[in-house]
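Asker: The following comprises the amino acid sequence and a computationally predicted model.
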Amino acid sequence: MDTFVSLSTAPDGRYELVLRASGGGTGIYTQNEVRFRLYRGEMKSVVNFESRVEASTAGSPPPWFLDLTRRWFQPNVTVQLKDGRSETVAVLAESHGKTTTPANVFYSDKEMMDVYLKGVTCKAFHWDAEHFQYDPVSIPNACQAP
């Protein structure tokens with residue numbers, strides 16, 4: 001499981017407080033991530049998303065299934081632009097996986113991700129200091145950092 005509380009360096013070199021909270025028990029497990037920055041003496045949420053969703057019939061009789069979605073935020077990704085320049089952006093990456101084969105209960109979290117998650121899509125963001133927020137930016141190759 002991911003760390004509940006951590007600090008992460010943002011694209012502008014400042015720090016973000018990262019909090020994760022999770023819930024489950026009904027066959028659907030979710031984990032949410034919220035990133036905060038200090039703004040004029042107060043903590044302000046700058047990005048939040050569902051970082052993990054797992055729906056499964058584990059522990060039930062067949063038919064089995066596992067539907068897995070994982071999202072992760074990378075605050076300092078250098079991407080190559082079409083004109084040859086490089087730029088540092090924040091990237092929200094997402095991957096999905098589905099299977100009808102029962103998951104190996106001995107898999108670690110990373111092994112499960114490696115086995116079931118297929119393909120990654122990415123959305124890039126610039127930090128807008130004036131409005132104190134991440135703004136989406138169109139960078140087609142955001143998943144392909146050099």
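Answerer: All right, it came through fine. Numbering: from 1, shown residues only.

Asker: where along this protein do the strands fall?
Answerer: 5-9, 15-23, 28-39, 42-56, 66-80, 86-99, 118-128, 133-137 (DSSP state E).

Asker: Put together JSON lines for the ones you listed, with mean neighbour count, mean pLDDT and distance to Cys143 on each row.
Answerer: All C-beta atoms are positioned from the backbone trio N, CA, C, and that covers glycine. Below are those laid out as JSON lines (neighbours: other CB atoms under 10 Å; pLDDT from 0 to 100; distance: least, CB to CB, whole Å):
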{"stretch": "strand 5-9", "mean neighbour count": "11", "mean pLDDT": "91", "distance to Cys143": "19"}
{"stretch": "strand 15-23", "mean neighbour count": "15", "mean pLDDT": "91", "distance to Cys143": "21"}
{"stretch": "strand 28-39", "mean neighbour count": "16", "mean pLDDT": "91", "distance to Cys143": "19"}
{"stretch": "strand 42-56", "mean neighbour count": "16", "mean pLDDT": "90", "distance to Cys143": "17"}
{"stretch": "strand 66-80", "mean neighbour count": "18", "mean pLDDT": "86", "distance to Cys143": "9"}
{"stretch": "strand 86-99", "mean neighbour count": "17", "mean pLDDT": "88", "distance to Cys143": "7"}
{"stretch": "strand 118-128", "mean neighbour count": "16", "mean pLDDT": "89", "distance to Cys143": "4"}
{"stretch": "strand 133-137", "mean neighbour count": "15", "mean pLDDT": "93", "distance to Cys143": "14"}
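
Asker: contacting residues around the residue of the chain most remote from its centre?
Answerer: Centroid-distance maximum for the chain: Pro61 at 31.5 Å, with CA atoms, centre = their mean. Residues in contact with Pro61 (CB atoms under 8 Å, 6 or more residues apart in numbering): none are found.

Asker: From Pro11, how far out is it?
Answerer: 49 Å (CB to CB, to the nearest Å).
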